[in-house]
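Asker: Got a sequence here, can you build the structure:
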Amino acid sequence: MSKGPTHFSRSTQFLLVALLLTAGFVFVLLRMAMIQLVQYGKWDQLATRQHERKISLHVERGTIYDRNGKVLAINIDVPSLYAIPDEIVDRKEMARLLSSHLPISKKELVTKLNRGKDFIWLARKIDPDRLNGIKSVGGIGTLTESMRFYPKRALFGHILGFVGIDNEGLEGIEHKYEKRLRGEPGEVFVALDGHGKSIYPKGFNYIPPSRGEDLHLTLDETIQHIATRALRHAVTRTRAKGGTAIVMGPHEGAILAMVVYPPFNPNAIDQYHPSGWRNKAITDMYEPGSTFKIVTAAAALEEKRVFPDQMIDCEKGSYRVSGTIIHDHKPMGRVPFFDVVAHSSNIGMIKVASRLGRVQLASYAKSFGFGSRLGIDLPGESPGLLRETQKWSDRSLASIAIGQEIAVTPLQMAVAASVIANRGWLVTPYTVMNGSASPRKRVLSEKTADAMTKMLRRVVSEGTGKRAAIAGFSVAGKTGTAQKIDSGTGQYSEKGFMSSFVGFVPADAPMLTILVMIDEPQEETFGGEVAAPAFAVIGREALHYLRIAPAMPKAVVAQRRHALGSASPRNGVKI
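Answerer: Below you'll find the predicted structure:
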């Protein structure tokens, strides 16, 4: 017969149970205190991740204006289509329906819907007309996003650049000034249920993006139109490969127009090869040919190696240098140096350069801005190519003196001509107004710059640049015709030329520096025939637009020039 539990055994059991319950209760209290007080942040973040989803929305970029307040880049609101796969009953049927409205295949849509995500972008920034018949379908919705639009289309394409699908600047000013333009992104917070499914209440929990800063450019829509039309005509007339035109204020460095042909429309970037996005005015190098004689002549005058009326023997158009024969397109005998410049004698310029020597010529080339970046506020600027003198051959001094064996950008050539227009000062070119003066550096004395201006005026009045003349105005400039290097042979091409003209107007009170460069014109090849006429058109129409009249007093021109260069972001200038 068994005995029941004794009083001692029951007391022991009760005590053990009580201790266990007390210990469990204390553990729970301590655990709750740990979670609530010590680990609150950790568990709160975990709960948020489990029950809340954040969707980033694109920022609204700042607007870009020209110098007179014309809109060049703006934002427009467009719909973006999304899907909540868990709410779609028949995903294949939904994919079939959507594929009839969107430029996406049914197969691709099915793949997207079956990725196991609770939120999927189906199409970003689409034409609202595509949404007809889609909006009311379950599991599909839209969000409004900001899309970049360029109302001038291709007019400023290479300068403005473009943005990507996430509104991030990828080229041009959009890329260079990304931090100022982009603003701060917005967010949509989405709730999830206990099974991890999305709960999309009407209206969402929306935090709007903050708007970026506006930019005011130095560029002028009207002058850009003028330069674009003239360049297009020159390229098509000569059946050329392409071309570049630049208009700038020589005294302050403000870029008023910068055109690259063929054009590029940033509203349709997928229609262009990436090479078509490139702003060749600052990225591409070429041998400048005789336009570089501006530098050689100025250096020789500054160093007193020659004087404007000093006689130079041009050897009747044929001269041997380091085993090769140099020719002039127009044979001349003994002529004053100003005629060497006016008629672009290679032989005369080479003889003058020999008095300078390689060290001084290279030094002046560098001081004019060649061989290094000018510092323009655009991405992708090339430094060009100017080899160190230790790497020059016996022929290099002669070649560089006439614009061979050196590679420059169109912008560098325009800035070099502006040194003469600016009476010896080198300026830093810029495209965005900031209310402060562009940095300057003294390159030549005023006396040398004035002497060069007189000689460059003779280029237009009597020499190779006669077709650059503008009725009623004095024009100073230089022609250039350079053979291109044949990529197949590595030798100078017999058919490929770079034809150019660079100068400034009015010569006696410079208002504008203009460069026109035509790439591979057919039949006509000389810069005086191909590029000079386009220079004349741009100069004439731009001066008329700026209300600069023939015989206008220099003081009035200077006053208007100052207004052109001193426009602030808050007060565009119309002259």
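Asker: And the average pLDDT for the longest helix along the chain is what?
Answerer: When the chain is scanned for its longest helix (criterion: DSSP state H), the result is helix 7-33. For helix 7-33, the mean per-residue pLDDT is 72.
Asker: Repeat that for stretch 249-267.
Answerer: For stretch 249-267, mean pLDDT rounds to 96.
Asker: and if you look at stretch 420-439?
Answerer: 89.
Asker: Buried ones in that stretch, by neighbour count?
Answerer: With burial defined by 16 or more other CB atoms under 10 Å, the residues of stretch 420-439 counted as buried are 420-433, 438. For the C-beta atoms, the positions are set from N, CA and C on the backbone; glycine is no exception.
Asker: and the residue nearest the centre of the chain, what does it touch?
Answerer: The centroid of the chain falls nearest to residue 172 when counting by CA atoms, centre = their mean (2.9 Å). Neighbouring residues of residue 172 by CB atoms under 8 Å, 6 or more residues apart in numbering: 158, 159, 160, 161, 162, 266, 279, 378, 379.
Asker: and the gap between residue 300 and residue 94?
Answerer: As for residue 300, its distance to residue 94 is 77 Å (criterion: CB to CB, to the nearest Å).
Asker: ok, the two, which is more surrounded?
Answerer: Higher neighbour count among residue 300 and residue 94: residue 300, with 26 against 23, using other CB atoms under 10 Å.
Asker: how distant is the one helix or strand that one maps to from the center of its chain?
Answerer: Assigned by DSSP states H and E, residue 300 belongs to helix 293-302. Put simply, helix 293-302 sits 31 Å off its chain's centre (CA atoms, centre = their mean, to the nearest Å).
Asker: heads up, I number from 40, so please use that
Answerer: Got it, first residue is 40 now, which makes that one helix 332-341.
Asker: Quick one: mean pLDDT over it.
Answerer: Rounded mean pLDDT across helix 332-341 is 98.
Asker: now swap in stretch 387-406 and tell me
Answerer: In this model, stretch 387-406 has a mean pLDDT of 97.
Asker: for it, how far is the first residue from the last?
Answerer: 23 Å (CA to CA, to the nearest Å).
Asker: ok, now stretch 369-384?
Answerer: Terminal-residue distance, stretch 369-384 (CA to CA): 8 Å.
Asker: For it, buried residues please.
Answerer: 371, 374, 375, 376, 377, 378, 379, 380, 381, 382, 383, 384.
Asker: And the next helix or strand past the helix or strand containing residue 117?
Answerer: Using DSSP H and E, residue 117 sits in strand 110-122. Following strand 110-122 in sequence order, the next helix or strand is helix 130-138 (DSSP H and E).
Asker: What's the first helix or strand after that following helix?
Answerer: Next along from helix 130-138, by DSSP H and E: helix 145-152.
Asker: Kindly export the helix or strand just after that next one (C-alpha atoms) in PDB.
Answerer: Next along the chain after helix 145-152, taking DSSP H and E as the criterion, comes strand 159-162. The C-alpha trace of strand 159-162 is given here as PDB (Å, rounded to 0.1, in the frame of the first residue of the first chain):
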ATOM      1  CA  ILE A 159       7.600  47.400 -59.000                       C
ATOM      2  CA  TRP A 160       8.000  50.200 -61.400                       C
ATOM      3  CA  LEU A 161       6.500  49.200 -64.700                       C
ATOM      4  CA  ALA A 162       7.200  52.300 -66.800                       C
END
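Asker: Next, the buried residues of strand 159-162.
Answerer: Applying 16+ other CB under 10 Å to strand 159-162 flags 159, 161, 162 as buried.
Asker: Poorly predicted segments of this structure, please.
Answerer: 40-47, 49, 70, 72-98, 172, 174-176, 224-248, 474-476, 604-614 (pLDDT under 70).
Asker: And the strand holding residue 117, what's buried?
Answerer: Buried residues in strand 110-122 (16+ other CB under 10 Å): 111, 112, 113, 114, 117, 118, 119, 120, 121, 122.
Asker: what are the bridge partners for the last one, then?
Answerer: When assigned by DSSP bridges, residue 122 has beta-bridge partners residue 159, residue 179.
Asker: ok, it - contacts?
Answerer: Contacts of residue 122 by CB under 8 Å, 6+ apart are 133, 151, 152, 158, 159, 161, 178, 179, 180.
Asker: for residue 560, same thing?
Answerer: 277, 278, 279, 536, 538, 569.
Asker: With secondary structure added, can I get those in TSV?
Answerer: Listed next are the contacts of residue 560 as TSV, based on DSSP: H, G, I helix; E, B strand; the rest coil:
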residue	secondary structure
277	coil
278	coil
279	coil
536	strand
538	strand
569	helix
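Asker: Of the residues you listed, which is the most crowded?
Answerer: residue 569 (30 neighbours).
Asker: Run through the residues that contact the nearest residue to it once chain neighbours are set aside.
Answerer: Nearest residue to residue 569 in three dimensions, chain neighbours excluded: residue 538, at 4.0 Å (CB to CB, 6 or more residues apart in numbering). Contact analysis of residue 538 by CB under 8 Å, 6+ apart lists 519, 520, 556, 557, 560, 563, 564, 565, 566, 568, 569, 570.
Asker: name the helices or strands packed onto the helix or strand where residue 275 lies?
Answerer: Residue 275 is located in helix 260-276, with elements delineated by DSSP H and E. Identification of packing neighbours for helix 260-276 by 3 or more CB pairs under 8 Å, 6 or more residues apart in numbering; DSSP states H and E yields strand 281-287, strand 294-300, strand 551-558, helix 571-584.
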